[in-house]
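Participant: structure of the sequence below:
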Amino acid sequence: MKTRLSFLEDLNRLRHDILTMATRVEEDLGKAIEALRNNDQELAKEVMAGDAVVNALQLKIEDEAAIVIATQQPVARDLRELVTIFKLTSNLERVGDHAVNLAKTVINLCGEPAFRGIERLERMAETGQKMIRDGVSAYLNQDAEAARKASAMDDLIDGEHKNLIEEMLSLMQKHPELISRAQRLVSTSANLERLGDHITNICEAIVYMTEGRHEELNN
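Facilitator: Predicted coordinates for the structure are as follows:
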């Protein structure tokens, strides 16, 4: 059986890997925003290609966490953190998928005039970036209250999504020829709205890890 010191070294290594994965996801989301803002197809393709890196990090972290559980048989607070790690990697991977979806929107809208709704997509993604930073910081600092504050930002994403839908419905009524483009923006907005939900899931897991109880956030 490993010593306590060895266990803590393994746990710190996992925490570092979580930070690496979260940083990569946040960077990819930022690149997707920039690609959308500048209609940069090459940058969008870079985001899409980078999804494999995020997926590989998820598998690496989860394999290492499983080994720690099997060899250390942790209990109480230690076990809760290892369970939380699986939830973090799963939801971070899904956030990465939404960054890829945003990059695909850039490809689909190539060469077409910008809609006002694109600015809402940018704000949604930027809020998502901050939620990632604050959520992972809450995990590393073992701070449940910070996790609650990070999850509360999901209201901003939800509000932008609602307003975008209203704008696009109005646009489609006035300009039926733009229905296809408007529908793509609504679909992309829906994906970004779910991005906030995944980060909220991360924050709920942090509350469970630190306080040992389940709490639904941002309902």
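Participant: pLDDT wise, what is the residue nearest in space to the middle of the chain at?
Facilitator: Residue closest to the average C-alpha location in the chain (C-alpha atoms, centre = their mean): Val95, at 3.1 Å. pLDDT, Val95: 95.
Participant: got the buried residues for the host helix or strand of it?
Facilitator: Taking DSSP states H and E as the definition, Val95 sits inside helix 76-108. Under the neighbour-count criterion of 16 or more other C-beta atoms under 10 Å, helix 76-108 has 78, 80-89, 91-106 buried. In this view, the C-beta of every residue, glycine as well, is placed from N, C-alpha and C.
Participant: likewise stretch 147-162?
Facilitator: Neighbour-count burial for stretch 147-162 flags 147-151, 153-154, 156-157, 160-161 (criterion: 16+ other C-beta under 10 Å).
Participant: name the nearest of these relative to Val207.
Facilitator: Ala147 (5.6 Å; C-beta to C-beta).
Participant: against His161, how distant is the residue lying closest to Val186 once chain neighbours are set aside?
Facilitator: Among residues not flanking Val186 along the chain, Met168 sits closest, at 5.2 Å (C-beta to C-beta, 6 or more residues apart in numbering). Distance of Met168 to His161, computed by C-beta to C-beta, to the nearest Å: 11 Å.
Participant: name the SS class of His214, please.
Facilitator: Under DSSP: H, G, I helix; E, B strand; the rest coil, the three-state class of His214 is coil.
Participant: next, count neighbours for it.
Facilitator: 9 (other C-beta atoms under 10 Å).
Participant: list the contacts for it?
Facilitator: 204, 207-208 (C-beta atoms under 8 Å, 6 or more residues apart in numbering).
Participant: and of those residues, the nearest to Ile33?
Facilitator: The closest of the contacts of His214, once distances to Ile33 are taken by C-beta to C-beta, is Glu204, at 25.6 Å.
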